[in-house]
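[1] Using only what follows, build the 3D model:
(2 chains)
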There are 2 protein chains.
Amino acid sequence: MTDPLPTGATIGILGGGQLGRMLSVAAARLGLRTHIFEPGADAPAGDVAHEVTTASYEDESALTAFAQSVDLVTFEFENVPTSALDLIEAIVPIHPNRGALGTSQDRLTEKTFLQDLGLSVAPFADITDEASLNAALARIGAPAILKTRRFGYDGKGQVRLQSADDAKVALAEIAGAPAILEGFVDFSAEISVIAARNPQGEVACYDPGMNAHRDGILHTTTVPAQVSANLRTDAVLLAAKILNALDYVGVMGVELFVTSRGLIVNEIAPRVHNSGHWTQNGCAVDQFEQHIRAIAGWPLGDGSRHSDVTMENLIGTDVARVSELARERNCALHLYGKTQVKAGRKMGHVNRIIG
Amino acid sequence: MTDPLPTGATIGILGGGQLGRMLSVAAARLGLRTHIFEPGADAPAGDVAHEVTTASYEDESALTAFAQSVDLVTFEFENVPTSALDLIEAIVPIHPNRGALGTSQDRLTEKTFLQDLGLSVAPFADITDEASLNAALARIGAPAILKTRRFGYDGKGQVRLQSADDAKVALAEIAGAPAILEGFVDFSAEISVIAARNPQGEVACYDPGMNAHRDGILHTTTVPAQVSANLRTDAVLLAAKILNALDYVGVMGVELFVTSRGLIVNEIAPRVHNSGHWTQNGCAVDQFEQHIRAIAGWPLGDGSRHSDVTMENLIGTDVARVSELARERNCALHLYGKTQVKAGRKMGHVNRIIG
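    Residues are numbered from 1 along each chain as shown, chains lettered A, B, ... in the order given. Below is the predicted model:
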């Protein structure tokens, strides 16, 4: 067991997007510094970090210098190349651990892990070619979704099959990437649990939020979720089970479908999660600070909520509504400093305090 | 009237202490960048700023480069040298304006301004020598406080006189600096109002907080203050009067004494104020963001409070209590990243959400 990180220590963050940005601010609240490693120029996290390295994940000397300048490393997204992580890990600890990252990076590994843990997941099958896809469709049925095993987020790397006739086209669309076929789940709602675990094995969860999507991207999260107390308890226990099984250190987002047969785990994200942004204005300790506390070996916040909140993402041109949102009572703005507006790009979010 | 500052614009901040640090984070939430100008090394604000210039206020080329790199300039403390402000103002606007700054920089000017506005202040007199001090003591009475006209904060530059016999020693202690003598006010409480005004003339105030001091330094602020609704209204109206009279743009802290004859203005601070830190966890728009909104020409937050809060400063070795504070329910930590602990040094604060 290592000592808690002291004031003035530096946390390295792989990825300089909005999650890195909000992690950086949270670290500062605890008296810790951050060093951002990000290939892209003008990283949103760079505006609020002690130091920024702009370099590619293939740049070994930049990665080495980065790792040597920090006390530990975390990441804001799952798809950091393995070679970069290997190099860093030889110098400084990475939290969450590589095993947890590996599990969630690959949909097949992830689903198998969750199923082996006794949790319910959507029916799925490993797809390597047309034959395995046809066999899977025969077993799981259509409609179904073909998903690449790796590098998927916000609906990317996914093709919906209405019937077995779509098999060839769907395979062509993912260009032969390793994939899984996932059966449709008849769910009444999607909720998510933001859970945290520290090296001491303490686990803390926020109350589940209810998620609504638009065009495959999270649109709103509302807390508390309108689900039964039993389901809320199930969600939290299930999340804790996942974190413990992975010997996880940090914050994880666990997406769940609410069905007539109980909760089905949709996916896990080994990082702070868009559906946890509400905690910034609903809790004394938000998910970003909770992640920093966990990886820094600090005591966790208990996850208690002082206010009910609806979080709304500002996607693409939504950001044009900012001057109107700025006038709304009890509406907290969180903009990411991105000057270039693109369709589907997350530009910011607002948290409306609703009680 | 200028347009509101757009995403990616840069605000220059004179002073890189904890106020600059929290202003910088607030600017980031609005998609704005900050550039900190600070003579001291390892400025707390530097951990969360886009850019930092470490240079003296006498370094004209550094000041020029700083002013040219930003869209407007603000400050986190009142005692920036006039020559530096002159140089900057020739290049880029400064908010709050120089007149407001000048008024609050000098206790004699400040008291005279407030009195001319029809507001109550403690009895005071201009002190230039022993004769004027003796005359003032004869008129105002003892005990009284001799205060230097400039550069006073947290009880610095103040000498208490128990009787007229202390005159000589008191004058020696302030080394002949221009001063005022201030009579004691019999007050039941100190409250403060954090008020904001933008270039459009909109004014917004937070609910007054009740302040308690230790060793001349603010210890706690509790909101709501336990004062009558009438006094709360008086406090807010009086603050608005001050901001309007100064054509003020930004946030101001107004300290008030509650007395049997109503409210007496103690002092005004032309900046975000320690007694407004509670807004970080009590309001959707905190005082730091409110200041940035005001100087950037954005709509102001309305000052509404979603939670009651007690703020407690962590002074000097108080910071050793952090691991215990981190375990407290509904207690939000705000540490300033200062590695060197000194007696009387503000190391951080906590906001306890109390309802």
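
[2] Report the contact partners of the closest residue to A:Phe75 other than its chain neighbours.
    Residue nearest to A:Phe75 in three dimensions, not counting chain neighbours: A:Leu14, with 4.0 Å by C-beta to C-beta, 6 or more residues apart in numbering or on different chains. Every residue, glycine included, has its C-beta placed from N, CA and C. For A:Leu14, the contact set (C-beta atoms under 8 Å, 6 or more residues apart in numbering or on different chains) comprises A:37-38, A:73-77, A:80, A:84, A:88.

[3] confidence score at A:Leu14?
    Listed pLDDT for A:Leu14 reads 98.

[4] thinking again about what came up before, any idea which of the contacts of A:Leu14 is closest to B:Thr233?
    Lowest distance from B:Thr233 to the contacts of A:Leu14 (C-beta to C-beta) belongs to A:Glu76, with 46.7 Å.

[5] Please enumerate the helices of the stretch 151-300 of chain A.
    Using DSSP state H, counting those that start in this stretch, the helices found in the stretch 151-300 of chain A span residues A:167-173, A:229-245, A:279-282, A:287-295.

[6] For A:Ala43, find the nearest of these.
    Here helix A:287-295 is closest among the helices of the stretch 151-300 of chain A (C-beta to C-beta), at 16.2 Å.

[7] how many neighbours does A:Pro123 have?
    Neighbours of A:Pro123 under the rule other C-beta atoms under 10 Å in any protein chain shown: 15.

[8] For the nearest residue to it once chain neighbours are set aside, list the residues it contacts.
    Spatially, and ignoring its direct neighbours in sequence, A:Pro123 is nearest to A:Gly183 (3.7 Å; C-beta to C-beta, 6+ apart). A:Gly183 sits next to A:122-124, A:140-141, A:144 when contact means C-beta under 8 Å, 6+ apart.

[9] Out of those, give me the one that has the most neighbours.
    Greatest neighbour count in these, by other C-beta under 10 Å, goes to A:Ala144: 28 neighbours.

[10] That one reaches A:Glu182, doesn't it?
    Yes. Here A:Ala144 reaches A:Glu182: they are 6.3 Å apart, a contact under C-beta atoms under 8 Å.

[11] just the helices of the stretch 151-300 of chain A: most buried one?
    Comparing these by mean neighbour count (mean count of other C-beta atoms under 10 Å in any protein chain shown), helix A:287-295 comes out on top with a mean of 29.

[12] Is it possible to get CSV of the helices of the stretch 151-300 of chain A that adds mean pLDDT?
    Compiled in CSV, the helices of the stretch 151-300 of chain A are given as follows (pLDDT from 0 to 100):
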stretch, mean pLDDT
helix A:167-173, 90
helix A:229-245, 96
helix A:279-282, 98
helix A:287-295, 98
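
[13] Which member of the contacts of A:Gly183 is positioned nearest chain B?
    Closest to chain B out of those is A:Ala122 (37.1 Å), distances taken as C-beta to the nearest C-beta.

[14] list the contacts for the closest one?
    A:111, A:182-185, A:257, A:264, A:266 are the contacts of A:Ala122 under C-beta under 8 Å, 6+ apart.

[15] same thing with A:Ala332?
    A:280-281, A:350-353, B:284-285.

[16] tell me which of those is nearest to A:His50?
    Closest to A:His50, out of all of the contacts of A:Ala332 and judged by C-beta to C-beta, is A:Gln280, at 21.1 Å.

[17] separation between that closest one and chain B?
    9 Å (C-beta to the nearest C-beta, to the nearest Å).

[18] ok, now A:Ala175?
    Taken as C-beta to the nearest C-beta, the span from A:Ala175 to chain B is 36 Å.

[19] sorry, back to before: can you pick out the ones from the contacts of A:Leu14 that are in helices?
    Of these, the ones assigned to helices by DSSP state H are A:84, A:88.

[20] quick one, what contacts the residue in the stretch 101-250 of chain A that chain B sits nearest to?
    Closest residue of the stretch 101-250 of chain A to chain B, C-beta to the nearest C-beta: A:Glu202 (10.2 Å). With contact set as C-beta under 8 Å, 6+ apart, A:Glu202 has these partners: A:299-300.

[21] Over to it: give its phi and psi.
    Backbone torsions of A:Glu202, given as degrees, to the nearest 10, read phi -70, psi 140.

[22] Report pLDDT for it.
    Value listed for A:Glu202 in the pLDDT field: 95.

[23] Ok, A:His306 next?
    Confidence at A:His306, expressed as pLDDT, is 96.

[24] was I right about it contacting B:Ile353?
    Yes. A:His306 lies in contact with B:Ile353 (C-beta under 8 Å); the separation is 4.8 Å.

[25] and the contacts of A:Ala332, which of them are in strands?
    Per DSSP state E, strands hold the following members of the contacts of A:Ala332: A:350-353.

[26] What is the neighbour count of the closest residue in space to A:Gly301 that isn't next to it in sequence?
    Once flanking residues are discounted, A:Gly301 sits nearest to A:Val285: 2.7 Å by C-beta to C-beta, 6+ apart. A count of nearby residues for A:Val285, using other C-beta under 10 Å, gives 27.

[27] Would you list the phi and psi of A:Val285?
    phi -120, psi 110.

[28] measure it to A:Ile174 for me?
    A:Val285 sits 40 Å away from A:Ile174, going by C-beta to C-beta, to the nearest Å.

[29] try A:Gly282
    Distance from A:Gly282 to A:Ile174, by C-beta to C-beta: 38 Å.

[30] How about the contacts made by the residue in the stretch 1-150 of chain A that chain B sits nearest to?
    The minimum distance from the stretch 1-150 of chain A to chain B, using C-beta to the nearest C-beta, falls at A:Gly31 (3.6 Å). A:Gly31 sits next to A:7-8, B:335-338, B:348 when contact means C-beta under 8 Å, 6+ apart.

[31] any idea which of these is closest to A:Ser24?
    B:Gly337 (12.1 Å).

[32] thought that closest one was touching B:Ala43?
    No. If you go by C-beta under 8 Å, B:Gly337 and B:Ala43 don't touch, sitting 9.4 Å apart.

[33] Could you give the number of residues near the closest residue to chain B within the stretch 201-350 of chain A?
    Proximity of the stretch 201-350 of chain A to chain B (C-beta to the nearest C-beta) peaks at A:Leu335, 3.6 Å away. As a burial measure, A:Leu335 scores 21 neighbours (other C-beta under 10 Å).

[34] What separation do you get for it and A:Phe77?
    Counting by C-beta to C-beta, the gap from A:Leu335 to A:Phe77 is 20 Å.

[35] A:Leu181 - nearest residue in space that isn't next to it in sequence?
    Closest residue to A:Leu181 apart from its sequence neighbours, by C-beta to C-beta, 6+ apart: A:Ala136 at 4.2 Å.

[36] In terms of pLDDT, where does the one you found sit?
    For A:Ala136, pLDDT reads 95.

[37] For the closest residue to A:Asp234 other than its chain neighbours, give me its contacts.
    Distances taken as C-beta to C-beta, 6+ apart put A:Leu263 closest to A:Asp234, at 5.5 Å, once the chain neighbours are dropped. Taking C-beta under 8 Å, 6+ apart as the criterion, A:Leu263 is in contact with A:120, A:231, A:234-235, A:238, A:256-257.

[38] Same question for A:Leu243.
    A:195-197, A:203, A:252.

[39] okay, among the residues you listed, which ones form the most distant pair?
    Farthest apart among those by C-beta to C-beta are A:Val203 and A:Met252. That separation is 10.3 Å.
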